[in-house]
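Enquirer: Whatever this is, show me its structure:
(6 chains)
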Protein chains: 6
Amino acid sequence: MQTPKPSITCFGELLLRLSPPGHQKIQQAKSFEANYGGAEANVAASLASMGHNSQFITRLPDNTIGKTAKSQLAFYGVDTQHIQFGGERMGVYFLETGTMQRNSSVIYDRANSGMATIEQGMIDWDAIFENTQWFHWSGITPALSISAVEVCMEALTAAKRHGVTISCDLNYRGKLWQYGTSPAAIMPELISMCDLVLGGKDDARIMLGVQFKDSDGYDATPQRIKEHFPSVKWVATSLRKSYSASHNSIAGVFYDGENTYHSPTYDMPTMVDRVGGGDAFMAGLIHGMLSYESDYQQVINFAAAASCLKHTIHGDISLSTVQEVEQLAAGHDAGRVSR
Amino acid sequence: MQTPKPSITCFGELLLRLSPPGHQKIQQAKSFEANYGGAEANVAASLASMGHNSQFITRLPDNTIGKTAKSQLAFYGVDTQHIQFGGERMGVYFLETGTMQRNSSVIYDRANSGMATIEQGMIDWDAIFENTQWFHWSGITPALSISAVEVCMEALTAAKRHGVTISCDLNYRGKLWQYGTSPAAIMPELISMCDLVLGGKDDARIMLGVQFKDSDGYDATPQRIKEHFPSVKWVATSLRKSYSASHNSIAGVFYDGENTYHSPTYDMPTMVDRVGGGDAFMAGLIHGMLSYESDYQQVINFAAAASCLKHTIHGDISLSTVQEVEQLAAGHDAGRVSR
Amino acid sequence: MQTPKPSITCFGELLLRLSPPGHQKIQQAKSFEANYGGAEANVAASLASMGHNSQFITRLPDNTIGKTAKSQLAFYGVDTQHIQFGGERMGVYFLETGTMQRNSSVIYDRANSGMATIEQGMIDWDAIFENTQWFHWSGITPALSISAVEVCMEALTAAKRHGVTISCDLNYRGKLWQYGTSPAAIMPELISMCDLVLGGKDDARIMLGVQFKDSDGYDATPQRIKEHFPSVKWVATSLRKSYSASHNSIAGVFYDGENTYHSPTYDMPTMVDRVGGGDAFMAGLIHGMLSYESDYQQVINFAAAASCLKHTIHGDISLSTVQEVEQLAAGHDAGRVSR
Amino acid sequence: MQTPKPSITCFGELLLRLSPPGHQKIQQAKSFEANYGGAEANVAASLASMGHNSQFITRLPDNTIGKTAKSQLAFYGVDTQHIQFGGERMGVYFLETGTMQRNSSVIYDRANSGMATIEQGMIDWDAIFENTQWFHWSGITPALSISAVEVCMEALTAAKRHGVTISCDLNYRGKLWQYGTSPAAIMPELISMCDLVLGGKDDARIMLGVQFKDSDGYDATPQRIKEHFPSVKWVATSLRKSYSASHNSIAGVFYDGENTYHSPTYDMPTMVDRVGGGDAFMAGLIHGMLSYESDYQQVINFAAAASCLKHTIHGDISLSTVQEVEQLAAGHDAGRVSR
Amino acid sequence: MQTPKPSITCFGELLLRLSPPGHQKIQQAKSFEANYGGAEANVAASLASMGHNSQFITRLPDNTIGKTAKSQLAFYGVDTQHIQFGGERMGVYFLETGTMQRNSSVIYDRANSGMATIEQGMIDWDAIFENTQWFHWSGITPALSISAVEVCMEALTAAKRHGVTISCDLNYRGKLWQYGTSPAAIMPELISMCDLVLGGKDDARIMLGVQFKDSDGYDATPQRIKEHFPSVKWVATSLRKSYSASHNSIAGVFYDGENTYHSPTYDMPTMVDRVGGGDAFMAGLIHGMLSYESDYQQVINFAAAASCLKHTIHGDISLSTVQEVEQLAAGHDAGRVSR
Amino acid sequence: MQTPKPSITCFGELLLRLSPPGHQKIQQAKSFEANYGGAEANVAASLASMGHNSQFITRLPDNTIGKTAKSQLAFYGVDTQHIQFGGERMGVYFLETGTMQRNSSVIYDRANSGMATIEQGMIDWDAIFENTQWFHWSGITPALSISAVEVCMEALTAAKRHGVTISCDLNYRGKLWQYGTSPAAIMPELISMCDLVLGGKDDARIMLGVQFKDSDGYDATPQRIKEHFPSVKWVATSLRKSYSASHNSIAGVFYDGENTYHSPTYDMPTMVDRVGGGDAFMAGLIHGMLSYESDYQQVINFAAAASCLKHTIHGDISLSTVQEVEQLAAGHDAGRVSR
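Expert: The predicted model follows:
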């Protein structure tokens, strides 16, 4: 709205999420709430809510569902001009939102989507990266198909060529990676091209082949990843404790090769929606890296606070402003009504 | 509930229909109403509402969506014990319900469903037809895949072997038949095994290769089909006039090889939901054939009235009782409140 | 709202109406919309919307349902101070709202309600009639129980004693009158005490024993009733034509012993809710009698217009103002948006 | 779906539960959510969700409400073929769901229901018990009327004759038992015919006349009941602590005449719906008895976990699968999203 | 989405419309549906749906309501980068949607909005018109305040300077124009700067001082306006007949100074939402002028068809594509389901 | 309903509260829930729910919104006969309800409302106070405009003249007081005329100029206010601790000039709606003062319990009965279902 902030490009799949209202089970649902989201699109939308110029790259089916998905991103303020249309269908997932001792559950129905059948040459990366300062992708895209892996490599190579900073959220999904290879055969080469990596202990072990000592806690993950991938400059991990489906806590840890920074821990006893909590964390990291110079303590604090606030918002997408996140990070005014 | 009526077996695909509430367009939808239906399942459910013992045969994915689809048919009183579980996914379609000059529109997302990948040997037809008096299928199933055609042939052969009466609703769907053959290469052989066929002029021409004279109106269709397929005993056509997306009229015509029977025409100026209107007509035909001996005038009148009432009910499925349909067919009491 | 208009007292049962949303059938309903209404309460509420001082007398169960029913009448501006609490339960009815060729249907569950078990002496009629100019009741109350008949007689006698004008809407309900007597044995004595009677041909024949000539149309009813009950001063009939469950027309006819006055006919092709249409007519009559002196043409025109507008409003209760009804009666501005 | 599991017959009243959405009070409700349930029907439906062949026996009014209640049980997979139709009306209750310090409250409107007026000879128990391994009833049915007591005795006698295992949930309801006798005059004879009894300290004292020592905690109840009724083989108690209307804990204790088995305690700080929590416990007990041989520790653990999960589900009826309950009982994966 | 089409700039007020669901009256509303719209914004959004590059200029309050209004336009594909933030509040109106004989009614609450207090110099018209081919405004803006008139003049002068084609929809609103002058004192000067004017007979008389002959029908309006304003090149009128609040017909007439072109008349018996019907007509005109060269018959036919389709869509904004409108204008396929 | 209790008059502004459903943010809202409330109206409605004769005095716009606001108070049982109609518009506020770490937020849109433009002489205070025993107002009204201050003074003077007991809730609102004076210049004179004052430490400091010692906790506020205003007889403070937007605790402290009384503290971990929590406290105080003679411990306990229960109810208004509040205050039965 004012001085254009640096431009951020996110790339990944946009899905139609269909979820029974409230905590209904699928058997009980007479309707499904429709939300359009995806790990990387959620990052783009969060960053737009924080006032950044973000754009999203994906491939959507050329029908009303695909066009509505694009419109929804435009609603959030994301630049959608480079979205491609093509492919058979929209990827869909059904989300049943648990609570207390009942877990949430997901039924994926995303095979043969536009993104799963994306191919090299469909995206004009050079045009895109001309105005891009930061490129974000995640480990979900290479989990879709071998051609999607190729497009990731194409994008990373182009980003490198344009001097763009690159971040990746590992985002291991056990139900994907069905096309006949293992993540550990694919991801390390891609990750070695990144500047900032977000991921947890299981992600690192399964996707990157990182090995841990017995004494390593979850917060040792950034250090181990960096040891494994020296070309990666910064590594972060979000530390989620899951007391129940509706009660988690969230915190973050950040490693810059020298020091480890821990955020405070936010207790979240009555979460509204935990989907997208990690994406808001990722968006917070990117915002922090672009805004707080090298004050990594502030970066990780902002990321954790951004993630915390996401859990109060229905849908995949964080709608918090920088001011709202910074207020929480600064510990102000919890629970007041401003009037 | 009382004396068991003759048992009717219907076979086809069960789909999840997702539709924006009311007349919303997909762009406006924050949620989709969920209905489970399909041409042949709708017939089974309508017949159950009319007090018949009906069962439904299909193949559903082995997840909560598939199980809920089965439960919903049980709700309607349909016997679901022979439904098979398997295949990748639930067939889905998005339905935007038009009104006045705006047409309804459908986005199919039904590729790779359990029914599209059904194969011979998966269904135990002999067990099923042991207790079946009437078998109903439609031209939608052979439109899905070549293996689905083979299962249709398997079913028809078994039905013949067991002396079961067979009906087919031609149900031409231009957006299906994508697997590399034309309906006219498939359907005639299947249709020649049927006793009762329901279909319109376009269905007959495109799917059966029936030729019409220039002077043939829509109501000549039954006679032309019967001439083309002498082994078929009875042919019916539903005559829909479409003044707008919310204003249609419906009537029926029936031909027994000798005489043509016309029903009255029902004007429907404020339709609630026209999906399933043809299936209710088909159910009305089957009920009539099983209940009114050879009084074909009563048969076609009942079918048209059943179809008319369906248009007042949201969802694919007619919930009318025999008494309600007969009252309308008899011209009683339109628009009274019984109190 | 300022100068107190004449006070009108209505007496009858207040019911909880439970109806599936829209045109859903009961089988489809996941929820029931709750409306509190009843023939006589609807009249009281309509009159309050027209700016009259109206009060309602009934007997409600002493629980939250009963108290909410009372609060709802207060919302409409009806004086509820003389409502009595007692009895086992709230009378309930389930209403399935039809459309086109599908009739609406009602399941009554009103036995053993507070009103069905009302007894003489429970209501302080003398206190009530001290400030009452007009008393309205209907033929539904004597249909409930013999003790309810006795309270009607008690009320009418007291009204006569206080010189109150009395109106009755015959309101024949075939599903009531279950306590072992016929309406014709009860109603004539009660009706002979009334000044204004509203009723149709069937009401008159079944409840009052009025006989009609073969040549009598529906609009002869007022004259025949008056011949039968010379003590009644004015008789009116609402003339409803029912083309379908959602398409009716309404008109009115009024007889003062000398002349017959016909209103225009209003065509209503897309009715929202026809329950309470007769009660709005009745309220229009009372308003007219109190407002237009002896201009009976204006009275019947107002009643028909008030009834017509009710059919555009969901729920039992007309919310139209005098200005809105008079505008319609005067033929102004149909279908304009005032902005 | 596969090998038929042992058949379980449940008997009791099925009610229409009308509840304001969310935590609304009845005064605020513009609609009531409709759920069909009842203590014993909830057990039957829970068992069907767990893959058992369960059937339900009751008497419902012969109208659309009654038929919808039956259809809803069929949706849950319960066999409804022996449900009888008759009687005046559907039993109804209004449920206002409290939260925190505000209690839930119930208004019963169940007098004169089909079950309250059930009589000996209406149910063909011999036909039913031919295929029954386990019979479940509860102390609610004898609370309705003396004729309902007689039908209970009739059922128990027939069950004994057929060698069926019998369970009873005492389920004391202070607002019932209005027909002029005390539970303690009725229940002991019926209970002495049972094999498995579920009940709490108050149930035992009021309904069975069991006496407790001052030192007896709630978990002494099973032992005391068994001492009082030596013919009963197993007794269980669910131990609910009620911190507030939305925060309870649940655990179970089981006594086999020799040893007492305690389950873990589940803390439930944000319950969705506590109605039916005891019925899910009961269903868990029956499943456990039929599945885990004499491993009573596993039985009581399963029952407590099943009850806990019910509190996360809206409506009366648990929809958990055996796998879901066993995962919780085994302490796996609380709060994860499977994706 | 591909080749950039000519750019269209619309200028006016964006309002929050609050309307009770369905046909509820305000008294009945427990919630208000929120739609953001305004005569000129509706034109911009319709044009974006038709694939045009449209942008919208307005002034919104700098709060979440204002930002959401802007986001909503972005959802529709409108360029919002030049929207200004400032002023006290969002203009609001309450809309009660009538049906049949009950008129819709509007309560305006738009005083002191950002647009009412807009001033010269706030908008950078030169930057805007650099990329604009067509400028659209309406007679609502000068009805707000004298400073708004000045901004209109500022805009028109700049548009002329940049050689931009100008259109105006007269849009007389009797409830506005409250700041102490008459429309006829303001509008003629502004209108004389326009190329295309849309307006009806009353608009022309009240706002422009155009005089009509007694024999002039509504369709003479374009000719009379053009005679009065020779500098205006084209004049159009939409001809709405209002049979009731839910039944209108729509047609259009267009005059180019030589010939008069009439569109067909569309009957609309069950309108969903008539707000924005005129704006869709206006958008259709602009689309036609930019797409069909000087084929004014096609222009007016497209405008009338676009307006007709708008009446089938809830909310202010037409979402029809060019293909959908052209199909209707060509008379194809009314009321078919494409499947 | 029985013996008339003492009459209480409340005076202040009634607002339309528009809030997105559940915890939605305004950006997500497709509709806004409508509640009519205001600090003093909430007190009047709470007192009516407790069986008191309460009336409310305000000035509302003479349109359907204003009339519906009045009707809604009548629904709650408040006497509305002295409400005045006039002024430009209804005061509105948008409320976004936060949860956990996300605060609720309010957008006021209440300028130029009927109450903001109220003037001396519009209200007939002598008529009102003739039947009034207690008068309640709050510090919100003088925050609106200087003419509203004058009406407050007019009311207080009249109340004094009639010997009415006066209470005031200080209710500091930082977003109001925009008309060019400070609360401390206005409030002390008004407060010195009151008998009972409710307020917190910040209220006292900002609005009354009360000074606190460093050692003063929040519960010293009553004593300090009383020292500052010796003419005030009783002072109370509600002690709210805000752990998060959805988790607060509430307690109260009361000072009678001699002794300080503390209520128990209620923990509220899953609040439904905290708006109106202070008003329910105030209503509890007034009820206590009128009901428990000089048992101030019971008074403050009742007030805290009433406030606690309000937090379980959606909307501004407490609907608890005296019995419900007293049960909680007595510590009974937390979390039981009465059935």
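
Enquirer: do the one helix or strand A:Cys10 maps to and chain E meet at all?
Expert: With elements taken from DSSP states H and E, the one containing A:Cys10 is strand A:7-11. No - judged by CB under 8 Å from any CB of the partner chain, strand A:7-11 makes no contact with chain E; its nearest approach is 14.7 Å. Quick note: C-beta positions are derived from backbone N, CA and C, even for glycine.

Enquirer: So for whatever helix or strand comes next after that strand, mean pLDDT?
Expert: Using DSSP H and E, the helix or strand that follows strand A:7-11 in sequence is strand A:15-19. The pLDDT scores in strand A:15-19 average 97.

Enquirer: Show me what strand A:15-19 is packed up against.
Expert: Packing partners of strand A:15-19 (3 or more CB pairs under 8 Å, 6 or more residues apart in numbering or on different chains; DSSP states H and E): strand A:31-37, strand A:92-96.

Enquirer: Can you spell out which residues form a bridge with the residue of the stretch 151-300 of chain A at minimum distance from chain D?
Expert: Taking CB to the nearest CB, chain D has its nearest neighbour within the stretch 151-300 of chain A at A:Ser242, 3.7 Å off. Counting by DSSP bridges, A:Ser242 is bridged to A:Asn248.

Enquirer: tally of neighbours for it?
Expert: A:Ser242: 16 surrounding residues under other CB atoms under 10 Å in any protein chain shown.

Enquirer: how much space between it and D:Val151?
Expert: 49 Å (CB to CB, to the nearest Å).

Enquirer: quick one: the strands in the stretch 201-339 of chain A?
Expert: Along the stretch 201-339 of chain A, counting by DSSP state E, counting those that start in this stretch, strands occupy A:234-242, A:248-255, A:260-262, A:266-268.

Enquirer: mind exporting the first one as CSV, just the C-alpha atoms?
Expert: This means strand A:234-242. C-alpha atoms of strand A:234-242 as CSV (Å, rounded to 0.1, in the frame of the first residue of the first chain):
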residue,chain,number,x,y,z
TRP,A,234,20.2,-20.8,8.5
VAL,A,235,18.1,-23.6,9.9
ALA,A,236,15.0,-23.3,12.1
THR,A,237,12.7,-25.8,13.8
SER,A,238,9.3,-25.3,15.2
LEU,A,239,8.8,-27.1,18.4
ARG,A,240,5.2,-28.3,18.8
LYS,A,241,4.1,-30.2,21.8
SER,A,242,0.8,-32.0,21.2
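
Enquirer: thinking again about what came up before, same list (the helices and strands packed on strand A:15-19) but as CSV, adding distance to E:Gly278.
Expert: Formatted as CSV, the helices and strands packed on strand A:15-19 follow (distance: least, CB to CB, whole Å):
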stretch, distance to E:Gly278
strand A:31-37, 31
strand A:92-96, 38
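
Enquirer: out of these, nearest to chain D?
Expert: So among the helices and strands packed on strand A:15-19, strand A:92-96 is nearest, using CB to the nearest CB, at 7.9 Å.

Enquirer: That closest one pairs with which strands?
Expert: strand A:15-19 (parallel), strand A:105-109 (antiparallel).

Enquirer: Among these, show me which one is buried the most.
Expert: strand A:15-19 (a mean of 25; mean count of other CB atoms under 10 Å in any protein chain shown).

Enquirer: Can I get that strand in CSV? Just the C-alpha atoms.
Expert: Listed next in CSV are the C-alpha coordinates belonging to strand A:15-19 (Å, rounded to 0.1, in the frame of the first residue of the first chain):
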residue,chain,number,x,y,z
LEU,A,15,-5.7,-27.4,-2.7
LEU,A,16,-9.4,-27.3,-2.0
ARG,A,17,-9.9,-28.3,1.7
LEU,A,18,-13.3,-29.7,2.5
SER,A,19,-14.0,-29.9,6.2
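
Enquirer: what about that strand, distance to the chain center?
Expert: 16 Å (CA atoms, centre = their mean, to the nearest Å).

Enquirer: Find the closest residue to chain C in the stretch 1-150 of chain A.
Expert: For the stretch 1-150 of chain A, CB to the nearest CB, closest residue to chain C: A:Lys30, 5.6 Å.

Enquirer: And for that residue, nearest residue in space, chain neighbours not counted?
Expert: C:Lys30 (5.6 Å; CB to CB, 6 or more residues apart in numbering or on different chains).

Enquirer: what's the burial count for that neighbour?
Expert: Using other CB under 10 Å, C:Lys30 has 14 neighbouring residues.

Enquirer: Contacts only, for it.
Expert: Going by CB atoms under 8 Å, 6 or more residues apart in numbering or on different chains, C:Lys30 touches A:30, D:33-34.

Enquirer: all helices for chain A, in order.
Expert: When assigned using DSSP state H, the helices of chain A occupy the ranges A:39-49, A:64-75, A:125-129, A:146-161, A:183-191, A:201-208, A:221-228, A:277-291, A:296-310, A:322-329.

Enquirer: Of all those, which one is nearest chain B?
Expert: Chain B lies closest, by CB to the nearest CB, to one member of the helices of chain A: helix A:64-75, at 4.5 Å.

Enquirer: what's the angle between the closest one and strand A:92-96?
Expert: For helix A:64-75 against strand A:92-96, the angle by axes from the mean of the first three to the mean of the last three CA atoms, to 10 degrees is 70 degrees.

Enquirer: who wins for proximity to C:Gly51 among the helices and strands packed on strand A:15-19?
Expert: strand A:31-37 (41.9 Å; CB to CB).

Enquirer: Could you confirm whether any residue of the closest one contacts chain B?
Expert: Yes - judged by CB under 8 Å from any CB, strand A:31-37 and chain B are in contact via A:31-34.

Enquirer: Just give the number of residues close to A:Glu130.
Expert: Counted with other CB under 10 Å, the neighbours of A:Glu130 add up to 11.
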